[in-house]
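Engineer: Would you be able to build a 3D model of this:
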Amino acid sequence: MTSIDRLRAICLALPEAQEKETWEAPTFRVRDKIFAMVHRFEGKASVWCKAPPGVQAILVEAAPERFFRPPYVGSKGWIGIRLEAPVDWEELAGLIRRSWSMTAPKRLQREIG
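Structural biologist: Predicted coordinates:
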């Protein structure tokens with residue numbers, strides 16, 4: 001299983017998550033809002049996802065070999081995770097779940113409890 005396949009399984013396990021190709025790469029959405037996207041950054045596979053305020057800076061400072069501030073959306077707090085570096089899949093799943101919860105409508109979150 002490739003790292004993209006593992007990422008896809010994590011993302012699509014979330015309620016109402018869908019995959020849509022955008023910018024020639026997979027994006028993962030909930031009710032048509034992106035919560036994670038695959039991107040080639042500096043020629044290497046990565047995933048970008050939303051992060052709570054302050055988390056991006058903490059992760060990038062603590063592990064710059066794994067995390068980075070992505071262009072375009074980094075100024076909005078998104079975090080980039082390198083998929084070709086050693087990946088802590090539990091940590092990545094937690095970051096993806098958090099991004100989903102920051103994106104999903106509150107009503108959907110209440111419905112799933």
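
Engineer: Which stretches in the chain count as helices?
Structural biologist: 3-12, 55-62, 89-103, 106-112 (DSSP state H).

Engineer: Quick check: which of the ones you listed is nearest to Lys44?
Structural biologist: Closest approach to Lys44 among those is made by helix 3-12 (10.6 Å; CB to CB). (Glycine included, C-beta is placed from N, CA and C.)

Engineer: May I see the buried residues of the closest one?
Structural biologist: Residues of helix 3-12 classed as buried by neighbour count (16 or more other CB atoms under 10 Å): 3, 7-8, 10-11.

Engineer: Next: stretch 94-113.
Structural biologist: Applying 16+ other CB under 10 Å to stretch 94-113 flags 95-101, 103-104 as buried.

Engineer: got the angle between the strand ranked longest in the chain and helix 3-12?
Structural biologist: Assignment by DSSP state E gives strand 33-41 as the longest strand of the chain. Relative orientation of strand 33-41 and helix 3-12, computed by axes from the mean of the first three to the mean of the last three CA atoms, to 10 degrees: 170 degrees.

Engineer: Identify the bridge partners of Arg29.
Structural biologist: Gln18, Ile34 (DSSP bridges).
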